[in-house]
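Chemist: structure here, sequence nowhere to be found:
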């Protein structure tokens with residue numbers, strides 16, 4: 001291994017995390033940490049890794065943006081026909097990972113994903129910038145294209161098509177909500193002896209908390 005890579009090292013010393021410090025419900029704990037990330041001006045605190053399962057049973061991961069925490073679920077939006085959309089349709093078990101290095105914190109979420117209502121998707125779609133609404137029509141997400149000009153031509157065509165009118169939500173675009181059944185909060189500590197608090201769902205909205213070894 002390249003020694004310059006092997007020697008990259010960060011000692012984590014900012015904070016601690018104990019069982020007595022956390023909320024009984026993990027989503028409430030997440031909301032507290034998320035607000036602290038916002039207050040600390042962490043760049044794109046809502047960026048999260050979405051991990052799905054392919055048809056072959058292999059993991060697939062990419063960064064998407066959290067757009068809401070609603071009724072104890074994590075909500076995001078995308079193209080239903082994309083690779084991730086197809087994988088979630090076939091295998092609705094997913095994982096989310098948030099990493100806020102400025103706070104030396106990580107949150108892992110595992111759960112089941114489902115589509116939000118058409119009304120909710122439409123409402124959010126029309127709250128987006130107009131350029132983003134056009135973009136949802138322009139991109140045949142995850143499909144092969146010859147070059148960038150394909151997107152440029154489609155963008156020009158849809159801008160002309162929707163000029164002076166409300167842009168409808170594409171039927172293949174909308175939201176997903178992840179219902180968690182396992183959440184882990186990680187706080188970096190010195191000597192790689194990090195604090196890890198795990199929540200597991202043990203009944204109807206009943207969460208069990210425990211500490212894990214790093």
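Modeler: Thanks, I have the structure now. Here the structure is a predicted model, which means the values were calculated and not measured.
Chemist: what residues sit buried inside the biggest strand by length in the chain?
Modeler: As assigned by DSSP state E, the longest strand anywhere in the chain is strand 173-187. Within strand 173-187, the residues that count as buried by 16 or more other C-beta atoms under 10 Å are 173, 174, 175, 176, 177, 178, 180, 183, 184, 185, 186, 187. In this view, the C-beta of every residue, glycine as well, is placed from N, C-alpha and C.
Chemist: partners of the nearest residue to the fourth one once chain neighbours are set aside in the sheet?
Modeler: The spatial neighbour of residue 176 that comes closest, neighbours along the chain excluded (C-beta to C-beta, 6 or more residues apart in numbering), is residue 113 at 5.1 Å. As for beta bridges, residue 113 partners with residue 178 under DSSP bridges.
Chemist: list the contacts of residue 113.
Modeler: Going by C-beta atoms under 8 Å, 6 or more residues apart in numbering, residue 113 touches 88, 92, 93, 94, 176, 177, 178, 179.
Chemist: wait, the third one sits on residue 114?
Modeler: No - with contacts counted by C-beta atoms under 8 Å, residue 93 stays clear of residue 114, the gap being 11.4 Å.
Chemist: I'd guess residue 128 is in a strand, am I close?
Modeler: No - applying DSSP: H, G, I helix; E, B strand; the rest coil, one finds residue 128 to be coil, outside a strand.
Chemist: any idea which of the buried residues of strand 173-187 is closest to residue 15?
Modeler: Set against residue 15, the nearest of the buried residues of strand 173-187 by C-beta to C-beta is residue 187 (5.7 Å).
Chemist: and the nearest residue to the closest one once chain neighbours are set aside, what pLDDT?
Modeler: In space, residue 187 comes closest to residue 17 once its chain neighbours are excluded; the distance is 3.8 Å by C-beta to C-beta, 6+ apart. In this model, residue 17 is scored at 97, pLDDT.
Chemist: over to residue 146?
Modeler: pLDDT recorded at residue 146 is 88.
Chemist: which element is it on?
Modeler: Assigned by DSSP states H and E, residue 146 falls within no helix or strand.
Chemist: residues touching it, list them.
Modeler: By C-beta under 8 Å, 6+ apart, residue 146 has no neighbours at all.
Chemist: list phi and psi for it.
Modeler: phi -70, psi -50 (degrees, to the nearest 10).
Chemist: SS state for the residue nearest to the spatial centre of the chain?
Modeler: Nearest to the geometric centre of the chain sits residue 48, at 3.7 Å (C-alpha atoms, centre = their mean). Three-state assignment for residue 48 (three-state DSSP): strand.
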